[in-house]
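Peer 1: curious how this folds, go ahead:
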Amino acid sequence: METRPWLARQESEDMYTPVHLAAYENKVDVLTVLLEHDPFLGYLISTYGVPLLCMAASSGHVGVARELLKHCPDAPYCNANGLTCLHVAVLNGQAVFVEYVLGSKQLQSLINTADSSGETALHLAQRNGLMLIAASLGTPIDGGVLKAAITGDARLMKDLASQDPTVILGTTPQDLKACLHIAAIHGHEVFCKEDQALKPSLLAAVNSDGETPLLTAMASGHVSIASVLLRCCRDQQLSETILKQDKRGCNALHHAIRCGHRELALELIKAEPALSHAVNEYGESPMFAAVTRNYEDVFDKLLEIPNSAHGGACGWNALHAAVRKGNSAIADKIMERRPWLAREGDMNNDTPIFLAVGWGKTDMLTVLLEHDRSLGYQISGPSIPLLDYAAFNGHVDVARELLKHCPDAPCCETTGSTCLHRAVWSEQPEFVKFVLGSPQLQKLVYMREGECGDTALHLAVHKCNPKMVALLLNQSIDVTVFNKAGYSANWLLSTDRAKTLNWNEVSMRMLKADPQDAPSILKIHKHVKDQVTDISRKDIKSLTQTYTGNTSLVAILIATITFAAAFTLPGGYSTDPGNEGLPIVAREIAFKAFLFSDTLAIWEDLEFLLYYRSFTKKLMWFAYMATTTAFATGLYTVLAPRLPWLAISNCIMTSLLPILTKLLGEWRILRLRFRLGRTFKLKLLDML
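Peer 2: Numbering: from 1, shown residues only. From the prediction side, this is the model:
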């Protein structure tokens, strides 16, 4: 050191100077020699940004730290990562070094110093389960102070502080809340004013969630207390305290906007504009939060701040949020001041204009396109143009507005699928009508998909959608177009839907559109019918048991009704001499009709119970009609002598019952016959 002092500043291959090595290896005597020759060596920081105190703390060398502070009382104690020597000692479990720091006048202030993540040494000790170190770092809150903070008793707190000024600095053991945190949670404004007046350092106290009292008051919804604490921080020029973010990255402005405190948010922006630069761990900025809450005045203030953050969750930005909320005024301002946001995609690569199209926000689409028409030509990550997005969701108004600003907007994907294919596949009939009626899009009728070469008609037939097929056939298109496999649309009828009315309606419409292909369609019908028959034969046993069980139940009910009716005759039995036990109304025509219908019903019913044949359906139908006839004539016999109008009404209503039942049972087929007219082919329905 006397002859070559410059060697003390040269670093080894490990980037350590001799003084760093002395501190690391606990060579106190060597360190003393070096510092006596050159005290400025105590201020050296390695290439990695490590000061000597942090080097000593990592290994717990208290003697090194004591000797260093003896020669350099203001030696640096914070490394490049924002960790103090106390943080380093806690992370390395050096309890002896922690005790030294707590007893050192030069280093006591490090107890409440937070690192770059907002954590104090006490937070690190608790998070890492170092309970002994945590106990030494934290001062347990006094019971009297705790009671005063919960009840808001400022007088009690002052009395306790007059006896011991440090008594109000204690914290709760688990969540590290100081008395100012607790009073803010319980909404005691007077207590908070008096408490921070006694110990202004409490304004910067941080609990286990990384919250200052200001953040705690904000999160607890106590606006007046938050406003008071904000003014106190501003008066004390505690900008860092105002800008503090909790462990989730939210600052006071985030909390104010999310909790709906608009006026307080404006006050925060005025007090500390830098709050607008913060982004929480979810990527949400205050501007994004303001847009999602539709706070236009807060948004305006944030937009005026240079470089204010505008990001949001899931890769969204403020313009995505404006589209989501349908706020065209905010969207207009963003497009004026920050137009590049319109081209930023979210985690799915969806830009704001894709959200506007997907959600059918026509007014938002108009705002975006009026500022920049080129946005209408954007294509998403999977190579899907905007028109295809609109088609998939059936947003006709969106497509119309898009074509108004961009008449040549792309409508075809790289796979060859067009917006018409999308509309047919997603079953959007209104969009199909729009495409067929649009001069710019009519050419899409004959465009084919890349992989299979299917036209829109091929897809409509494959989907077995009569409405789509009818719309496409109304254009008098060529139904004989083949796909790449050499199939016309007729051959794409899905066999798994053959027993549905939709399948049969589609086949009838295609038969009408291409009568020359009738043999092919009938061949398809025969092929499908054979498949259905084969499947039915395989399941004949289980199907027969099911049908027999169901029909037998109905038959038993009808038999019970008719059997009971035979012995409970309408009008009762005669007690006159010579006619005892005979029906009173035996000579009435209606009574004879009742007996005949009742006998016929029970005969047909019992016939089914004895024999199960293919004509069971007809047999049951006749039994049903006979039962209703017996019911009507029985009521007529009883009611006709006294209330003829009621008897006739009941007969008419009962007579109409079988007819109405028949109509309801075959209503869908009748409606199909009416809709198709002469195109209707009854023989194609024999599978139903």
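Peer 1: all helices for the stretch 201-350 of the chain, in order.
Peer 2: 213-219, 223-235, 239-243, 252-258, 262-271, 286-292, 296-304, 318-325, 328-337 (DSSP state H, counting those that start in this stretch).
Peer 1: ok, the stretch 51-200 of the chain next?
Peer 2: Using DSSP H, counting those that start in this stretch, helices in the stretch 51-200 of the chain cover 52-59, 62-71, 85-91, 95-103, 121-127, 131-137, 143-151, 154-163, 179-186, 189-198.
Peer 1: what about the fifth one, average pLDDT?
Peer 2: What it means is helix 121-127. Helix 121-127 carries an average pLDDT of 73.
Peer 1: and if you look at the last one?
Peer 2: Model confidence over helix 189-198, given as mean pLDDT, is 92.
Peer 1: could I get the helices of the stretch 51-200 of the chain as a markdown table with mean neighbour count and distance to Val223?
Peer 2: Heads up, the C-betas are built off the backbone N, CA and C, glycines and all. Formatted as a markdown table, the helices of the stretch 51-200 of the chain follow (neighbours: other Cβ atoms under 10 Å; distance: least, Cβ to Cβ, whole Å):
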| stretch | mean neighbour count | distance to Val223 |
| --- | --- | --- |
| helix 52-59 | 26 | 42 |
| helix 62-71 | 20 | 46 |
| helix 85-91 | 27 | 34 |
| helix 95-103 | 18 | 38 |
| helix 121-127 | 23 | 27 |
| helix 131-137 | 17 | 33 |
| helix 143-151 | 18 | 20 |
| helix 154-163 | 16 | 20 |
| helix 179-186 | 26 | 11 |
| helix 189-198 | 20 | 10 |
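Peer 1: closest one to Ser426 among these?
Peer 2: helix 121-127 (50.6 Å; Cβ to Cβ).
Peer 1: any idea how many residues pack against Ala271?
Peer 2: By the criterion of other Cβ atoms under 10 Å, Ala271 has 16 neighbours.
Peer 1: I'd like to know how far the closest residue to it other than its chain neighbours sits from Gly93.
Peer 2: What sits nearest to Ala271 in space, not counting adjacent residues and going by Cβ to Cβ, 6 or more residues apart in numbering, is Arg234, at 5.3 Å. Distance of Arg234 to Gly93, given as Cβ to Cβ, to the nearest Å: 40 Å.
Peer 1: check Arg293 too.
Peer 2: Taken as Cβ to Cβ, the span from Arg293 to Gly93 is 45 Å.
Peer 1: with Asp195 instead?
Peer 2: Distance of Asp195 to Gly93, given as Cβ to Cβ: 34 Å.
Peer 1: once you drop chain neighbours, what's closest to Glu281?
Peer 2: Gly249 (4.3 Å).
Peer 1: that neighbour contacts Ser285, correct?
Peer 2: No. Gly249 is beyond contact range of Ser285, at 10.4 Å (criterion: Cβ atoms under 8 Å).
Peer 1: if we can go back for a sec, for the residue nearest to Glu281, the count of nearby residues, please.
Peer 2: For Gly249, the neighbour count with other Cβ under 10 Å is 17.
Peer 1: could you do Ile168 as well?
Peer 2: For Ile168, the neighbour count with other Cβ under 10 Å is 23.
Peer 1: which parts of this protein belong to which domain?
Peer 2: Split into domains by automatic domain parsing, the chain comes to 5-136, 540-642.
Peer 1: confidence-wise, which of these is weakest overall?
Peer 2: Among the domains of the chain, domain 540-642 carries the lowest mean pLDDT (a mean of 53).
Peer 1: what about stretch 154-173, average pLDDT?
Peer 2: With pLDDT averaged residue by residue, stretch 154-173 scores 87.
Peer 1: straight-line length of that stretch, end to end?
Peer 2: In stretch 154-173, first residue to last residue: 22 Å (Cα to Cα, to the nearest Å).
Peer 1: list of residues touching that stretch?
Peer 2: Residues outside stretch 154-173 that contact it (Cβ atoms under 8 Å, 6 or more residues apart in numbering) are 122, 138-142, 144-149, 177-179, 182, 188, 190-191, 194-195, 198-199, 201-202, 205, 207.
Peer 1: residue contacts, Cys406?
Peer 2: Cys406 sits next to Leu369, Arg373, Gly376, Tyr377 when contact means Cβ under 8 Å, 6+ apart.
Peer 1: scan the residues you listed and report the most crowded one.
Peer 2: Gly376 (24 neighbours).
Peer 1: excluding chain neighbours, what is closest to it?
Peer 2: Nearest one to Gly376, counting by Cβ to Cβ, 6+ apart, is Cys406 at 3.5 Å.
Peer 1: and Pro213, how many residues sit next to it?
Peer 2: Using other Cβ under 10 Å, Pro213 has 31 other residues around it.
Peer 1: need the contact list for the closest residue to it other than its chain neighbours.
Peer 2: In this structure, Pro213 finds its nearest non-sequential neighbour in Leu180, 4.3 Å apart by Cβ to Cβ, 6+ apart. Counting by Cβ under 8 Å, 6+ apart, Leu180 touches Ala149, Cys192, Asp195, Gln196, Leu202, Leu203, Ala205, Pro213.
Peer 1: could I get the residues you listed in CSV, plus columns for distance to Leu34?
Peer 2: Converted to CSV, the contacts of Leu180 look like this (distance: Cβ to Cβ, whole Å):
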residue, distance to Leu34
Ala149, 50
Cys192, 50
Asp195, 47
Gln196, 45
Leu202, 41
Leu203, 41
Ala205, 39
Pro213, 45
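Peer 1: sorry, back to before: who has more neighbours, Arg293 and Gly93?
Peer 2: Taking neighbours as other Cβ under 10 Å, Arg293 and Gly93 compare with Arg293 leading, 18 against 14.
Peer 1: just give the nearest non-adjacent residue to the more buried one, would you?
Peer 2: Spatially, and ignoring its direct neighbours in sequence, Arg293 is nearest to Ile257 (6.0 Å; Cβ to Cβ, 6+ apart).
Peer 1: how many residues are close by that neighbour?
Peer 2: 27.
Peer 1: do Asn465 as well
Peer 2: Neighbours of Asn465 (other Cβ under 10 Å): 21.
Peer 1: quick check: it touching Glu427?
Peer 2: Yes. Counting by Cβ under 8 Å, Glu427 is a contact partner of Asn465 at 5.9 Å.
Peer 1: what's the closest of the helices of the stretch 51-200 of the chain to Lys526?
Peer 2: Checking those against Lys526 by Cβ to Cβ gives helix 121-127 as the closest, at 75.7 Å.
Peer 1: chain center to that closest one, what's the gap?
Peer 2: On the basis of Cα atoms, centre = their mean, to the nearest Å, helix 121-127 sits 36 Å off its chain's mean C-alpha point.
Peer 1: go on, stretch 259-270?
Peer 2: Distance, stretch centre to chain centre, for stretch 259-270: 28 Å (Cα atoms, centre = their mean).
Peer 1: likewise stretch 99-116?
Peer 2: Centroid displacement of stretch 99-116 relative to its chain, using Cα atoms, centre = their mean, is 46 Å.
Peer 1: and stretch 91-100, by the same measure?
Peer 2: Mean-position distance between stretch 91-100 and its chain equals 47 Å (Cα atoms, centre = their mean).
Peer 1: how far does it stretch from start to finish?
Peer 2: Using Cα to Cα, one end of stretch 91-100 lies 15 Å from the other.
Peer 1: repeat for stretch 32-52
Peer 2: The straight-line separation of the ends of stretch 32-52 (Cα to Cα) is 13 Å.
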